[in-house]
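Peer 1: Model the structure of this input:
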Amino acid sequence: MSIEGIMSAAQFEQFFAQADADKSGDLDVNELIAVLKKRGYAGSDRQIKQYFAQCDTSGDGRISKQEYMVAMGQIPQENHMEATMRSVFTSFDKNGDGSIDHKELQAVFAEMGKTFSEADMKRMINLSDKDNSGTLEYEEFIATVFGRK
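Peer 2: From the prediction side, this is the model:
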């Protein structure tokens, strides 16, 4: 059984309010780490930071109450395209650094049973890499997915 089946929406809201130590209306990663540790969560700070990045669909370094409720399954994620796309991006971003390099892209294709050479992977990245960093950042990813220039 998932946590979504155990906790009610009111309990999720109560957790969010408790975690929002500075009462700003959103959470930063340190607030999330503090409340989870206080409640006995045994995971590493790195694991919490990865989860935080998945929940932070706006990419602003904060989790709004709406982002939190989407992540907790209280608001259907498919109603929030940005949340869905951030989730896809973070699943590709294997090392959690905020960008997708050719090796991460190759790993995604391998999971789908497709193999491409390293040169092919670099070419795929370069097609969308607007800042010539050699990686694909979130905004570049969104532009590619939606055909924006």
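
Peer 1: Nearest the geometric middle of this protein, what residue?
Peer 2: Q54 (2.0 Å; Cα atoms, centre = their mean).

Peer 1: Please identify which helix or strand holds that residue.
Peer 2: Using DSSP states H and E, the element containing Q54 is helix 45-55.

Peer 1: Contacts only, for the residue nearest to the centre of the chain.
Peer 2: Q54 makes contact with 71, 86-87, 90 under the criterion Cβ atoms under 8 Å, 6 or more residues apart in numbering. Placement of C-beta: from N, CA and C, glycine included.

Peer 1: Can I get these in a markdown table including secondary structure?
Peer 2: Converted to a markdown table, these look like this (DSSP: H, G, I helix; E, B strand; the rest coil):
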| residue | secondary structure |
| --- | --- |
| A71 | helix |
| R86 | helix |
| S87 | helix |
| T90 | helix |
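
Peer 1: Tell me which two in the residues you listed are the farthest apart.
Peer 2: The most widely separated members of the contacts of Q54, counting by Cβ to Cβ, are A71 and T90 (11.5 Å).

Peer 1: Which residue ranges of this structure form strands?
Peer 2: Here the chain has its strands, by DSSP state E, at 26-27, 63-64, 99-100, 136-137.

Peer 1: I'd like to know how many residues surround K23.
Peer 2: 6 (other Cβ atoms under 10 Å).

Peer 1: The residue nearest to the centre of the chain and S91: what is the separation?
Peer 2: 8 Å (Cβ to Cβ, to the nearest Å).
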